[in-house]
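Trainee: Sequence and predicted structure, then a few things I'm wondering about:
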Amino acid sequence: MEDKYIPLEEAASLEGISYTGLISRINRNPSSYCFNRRPNELGGKERILISVNSLSKKAQKAYQKSLEIETKSETKSDEAPWYLDIDLNWYIENNKERYYKAVEQAAMIQNFMKSSTHKKKTIEADLLSVELGCDRRTLYRNIDAILEAQAWALKMEKEEKHSFDYFIPLALCRKPRVSKTFPSLTAEQKAIIENIWFNKTFAANHGTIEMLYEAFQAQADKRGWQSIPSCKTVGRYVKHCMTEKKGYNAHYLAENGMKAFRNRQMVKATRDISSLAVMEFVQGDEHTFDLWVTVKQSNGKEKAVRPKLVCWIDTRTRCIMGDIICVDANADILKQSLVKMLYSNPGGVPKHLHIDNGKDYTAKTNTGQARNERAMKDDLEFDPETIGFYRSIGIEEWSRALPYEPWSKGQIERFFGTVCRKFSRWFDSYVGTLTASKTSSKIEKDIAKKLDKGELLTIEEFYGYWTKFKDEYYHIREHSALKKEKQKWTSPLALFENCEDRYDKKPPTREYVNALLMHSEIKPVKNVGITKFGTLYQNELLNHYINQKVRIKWEPDDVTTIHVYTLDDIKICDAQSAELLKIAPKVPQEALERHMQAQKRQIKDARETLNRFNTPPELRVTDTETPKVIGGLELGIKGSGNKTVEVPLNLTAAKSENKQQKQVDDEVNDYLVNRGNQVLYLLQQEGMKNE
């Protein structure tokens, strides 16, 4: 072999010893080694190179293998050993016994390569092969594999700058069997199987392997394939696609749709609940119980219904607040639930309210904005109707849950699951979870028969059981989520009452909240009053607002009276429902007289107001409606009046005469008052000139 010179570091690696060990070996017998000196390209001392022929036979063979490896890596990369790209941890996990046995064998073979002499090599090889349980030919093949692994380890160490000595035991291991290649399936056949199995219609209809194979056979006949694999092979390839090729999520999406995929398969994030303060973040939703109770209708008959629960949950403590059980929840029930939360314990004014996407929660009367506007607006700072009920009672922020995404309000959704498991199942009228996907979750019961026999609870009795469950079971028992969060208090009520990190805001007055609970609407005032619910509402104070718009408010339970306000929320009056006048001659005299008196009062009031506005500024006295002068000059000249009177024989004529005389007197008095005001004004002007 042509003499080659290599650095001392590389020679030490080929010998399988350290650099210091090689220097010690050279110092013991320096005449056995040939050296060459070359200048250092980077400057400094000359580099000392050692001859490969001076090294041991083992090192020479390792050097020869490294040269072969360099040639292989440059020409045929496919000839590289299998262990170059293997995951060592995966291989050890799946082949522990085989790997550790190879470690022991590699150590024995390396000792043989170091210690064996040329004369005793055959004998030692036979002994080692017997010890390893193989023949001499297999032993030499293993030696050759170890030398190749050492060469590859040395090459990779130069490139990656870390050790690859684990190549040596792997060289004695078998290459892992490559499975699931499906050689009987061509690329076209694999694509056809995938197209059928992942088809949306096929997946949504829960297509089976047998159905897939029938469609696959039809495609084979259409494309003229000579042979096709068996149904078992197709089934194994489908399983391979679902697991190894990561097709489970794709098939679930095709089978169940995006709504179910987002709910069941989409990645979710875990929130840090312990960082919230008490009453900082409150969630609300409705729950329909999976049982039946009775309610009494207005006609006295009893009806079986499924009650609904409207409640709120404090996200930090999991306390239930503002719970109301009703037949049909609406925006008014929702407001009553919030009011109950404000003034109850546990309860209070929350900082942030996370509401459901239902129309009751997102009504304009509650949010102050249209339902299609999802985000809360910050520029609404007007009357309570404009900013909505939520912010009118002191809630700073609100947000809406996205439709069909219950995980955004997971705490209250999990509470409803607890209600189903721990509460609803104890009632005789329980009929199973009607929203479950499995038919077996539903329980068939004759509710109509139970209603006739009186076996159903009334909604009032059911509310009593619910209150007992909430106060004596749920609120005082250990909550698994609070325990998992390592809270100091693990029951909802104890954490609510003792937690120091709390959002504390005083609720508004009850009178103010009661006013907010009223319904509101803007209506025009006509000359007959205000019309609402097909009923006419009247009050004399509305005379000043005819042909103007006002805001009316009414209580849902009492519509006999409406409360009238200006558009600036200044109260005008309370208008009562009025009785309509009959058509003459059926009109009652008393009702007609009341109507005529109201007309006269309106005319008189309009005249007085007109005179007041026509009074010059000099004649107006501040802070008084009518000037009052004590000891002043009497300017109103009065007539002497009639000295004699005639008793009228016709009462109608007498009334007419009195009416005419009164009208004349009023006109004379108005004329004299106006003339007197003019004279007084002139006298004051003259006095100012003289001064």
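Mentor: Received it, and whenever you're ready, just let me know what you need. Computed from a predicted structure; not experimentally measured.
Trainee: got the contact list for Leu132?
Mentor: Contacts here follow Cβ atoms under 8 Å, 6 or more residues apart in numbering; on that basis Leu132 touches Gln105, Met108, Ile109, Leu139. The way it works is simple: take the backbone N, C-alpha and C, and place the C-beta from them, glycine included.
Trainee: where's the second one, which helix or strand?
Mentor: Under the assignment given by DSSP states H and E, the secondary-structure element containing Met108 is helix 96-115.
Trainee: Output that helix as PDB - backbone C-alpha positions only.
Mentor: What follows is helix 96-115 as a C-alpha-only set of coordinates in PDB (Å, rounded to 0.1, in the frame of the first residue of the first chain):
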ATOM      1  CA  LYS A  96     -33.700  -3.400  23.600                       C
ATOM      2  CA  GLU A  97     -32.600  -7.000  23.800                       C
ATOM      3  CA  ARG A  98     -31.000  -7.000  20.300                       C
ATOM      4  CA  TYR A  99     -29.200  -3.700  20.800                       C
ATOM      5  CA  TYR A 100     -27.600  -4.500  24.200                       C
ATOM      6  CA  LYS A 101     -26.500  -7.900  23.000                       C
ATOM      7  CA  ALA A 102     -24.800  -6.200  20.000                       C
ATOM      8  CA  VAL A 103     -23.100  -3.800  22.500                       C
ATOM      9  CA  GLU A 104     -21.500  -6.800  24.300                       C
ATOM     10  CA  GLN A 105     -20.500  -8.500  21.000                       C
ATOM     11  CA  ALA A 106     -18.900  -5.300  19.700                       C
ATOM     12  CA  ALA A 107     -16.800  -5.000  22.800                       C
ATOM     13  CA  MET A 108     -15.600  -8.600  22.500                       C
ATOM     14  CA  ILE A 109     -14.800  -8.200  18.800                       C
ATOM     15  CA  GLN A 110     -12.900  -5.000  19.400                       C
ATOM     16  CA  ASN A 111     -10.800  -6.600  22.100                       C
ATOM     17  CA  PHE A 112     -10.100  -9.400  19.700                       C
ATOM     18  CA  MET A 113      -9.000  -6.900  17.100                       C
ATOM     19  CA  LYS A 114      -6.600  -5.200  19.500                       C
ATOM     20  CA  SER A 115      -5.000  -8.200  21.300                       C
END
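Trainee: buried stuff in the helix or strand following that helix?
Mentor: Per DSSP H and E, helix 96-115 leads on to helix 121-132 as the next helix or strand towards the C-terminus. Buried residues in helix 121-132, defined by neighbour count with 16 or more other Cβ atoms under 10 Å: Ala125, Leu128, Ser129, Leu132.
Trainee: Repeat that for stretch 466-485.
Mentor: In stretch 466-485, counting by 16+ other Cβ under 10 Å, buried: Trp466, Phe469, Lys470, Tyr474, His475, His479, Leu482.
Trainee: Can you give me the pLDDT of Ser392?
Mentor: At Ser392, the model reports a pLDDT of 87.
Trainee: what's the answer for Thr243, then?
Mentor: Note for Thr243: predicted pLDDT of 88.
Trainee: Same check on the one 5 residues further on?
Mentor: Per-residue confidence at Tyr248 stands at 91 (pLDDT).
Trainee: so how far is Asn263 from it?
Mentor: For Tyr248, the distance to Asn263 (Cβ to Cβ, to the nearest Å) stands at 16 Å.
Trainee: Now Thr233. Nearest residue, chain neighbours left out?
Mentor: Ser184 (5.9 Å; Cβ to Cβ, 6 or more residues apart in numbering).
Trainee: before we move on, back to that, now the contacts of Leu132 as CSV including neighbour count and pLDDT?
Mentor: Below are the contacts of Leu132 laid out as CSV (neighbours: other Cβ atoms under 10 Å; pLDDT from 0 to 100):
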residue, neighbour count, pLDDT
Gln105, 21, 89
Met108, 13, 89
Ile109, 20, 86
Leu139, 20, 87
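Trainee: ok, Ile17 - contacts?
Mentor: Arg25.
Trainee: Just the C-alpha atoms of stretch 328-341, please, in CSV.
Mentor: C-alpha atoms of stretch 328-341 as CSV (Å, rounded to 0.1, in the frame of the first residue of the first chain):
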residue,chain,number,x,y,z
ASP,A,328,-89.6,30.1,28.5
ALA,A,329,-86.6,32.4,28.9
ASN,A,330,-86.6,35.8,27.3
ALA,A,331,-84.9,39.1,27.6
ASP,A,332,-87.0,40.1,30.6
ILE,A,333,-86.2,36.9,32.5
LEU,A,334,-82.6,37.5,31.7
LYS,A,335,-82.7,41.0,33.2
GLN,A,336,-84.4,39.7,36.4
SER,A,337,-81.6,37.1,36.7
LEU,A,338,-79.0,39.8,36.5
VAL,A,339,-80.9,41.9,39.1
LYS,A,340,-81.0,38.9,41.4
MET,A,341,-77.2,38.5,41.0
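Trainee: what's in contact with it?
Mentor: Contact with stretch 328-341 is made by 282, 284, 286, 308, 310-312, 321-324, 326, 347-348, 350, 360-361, 363, 365-366, 389-390, 393, 513, 516-517, 556, as judged by Cβ under 8 Å, 6+ apart.
Trainee: Equivalent analysis for stretch 96-110, please.
Mentor: Outside stretch 96-110, the residues that touch it by Cβ under 8 Å, 6+ apart are 16, 91-92, 128, 131-132, 139, 142-143, 146, 168-174.
Trainee: Between the two ends of stretch 37-48, what distance do you get?
Mentor: One end of stretch 37-48 to the other measures 5 Å (Cα to Cα, to the nearest Å).
Trainee: Can you list which of the contacts of stretch 328-341 are found in helices?
Mentor: If you go by DSSP state H, the contacts of stretch 328-341 have Thr365, Asn366, Phe389, Tyr390, Val513, Leu516, Leu517 in helices.
Trainee: What confidence value was assigned to the residue nearest to Thr233?
Mentor: Model confidence at Ser184, expressed as pLDDT, equals 88.
Trainee: Count the residues that sit near it.
Mentor: Using other Cβ atoms under 10 Å, Ser184 is surrounded by 13 other residues.
Trainee: Name whatever forms a beta bridge with Ala575.
Mentor: Ile562 (DSSP bridges).
Trainee: Am I right that it is in contact with Ile562?
Mentor: Yes. Here Ala575 reaches Ile562: they are 5.2 Å apart, a contact under Cβ atoms under 8 Å.
Trainee: can you list residues touching both of the two?
Mentor: When Cβ under 8 Å, 6+ apart defines a contact, the residues bordering Ala575 and Ile562 alike are Ile530, Tyr537, Ile552.
Trainee: Now do the contacts for the residue lying closest to Tyr565 once chain neighbours are set aside.
Mentor: In space, and not counting its chain neighbours, Tyr565 is closest to Arg551: 4.6 Å by Cβ to Cβ, 6+ apart. With contact taken as Cβ under 8 Å, 6+ apart, Arg551 is in contact with Glu385, Ser520, Glu521, Ile522, Lys523, Val564, Tyr565, Thr566, Leu567, Asp569.
Trainee: And the last one, what's its pLDDT?
Mentor: If I follow you right, that is Asp569. At Asp569, the predicted lDDT confidence score is 79.
Trainee: Count the residues that sit near it.
Mentor: Around Asp569 there are 14 other residues, counting by other Cβ under 10 Å.
Trainee: Likewise for the second one?
Mentor: Under the neighbour criterion other Cβ under 10 Å, Ser520 is assigned a count of 17.
Trainee: Now do the SS call for it.
Mentor: Taking DSSP: H, G, I helix; E, B strand; the rest coil as the rule, one finds Ser520 in the strand state.
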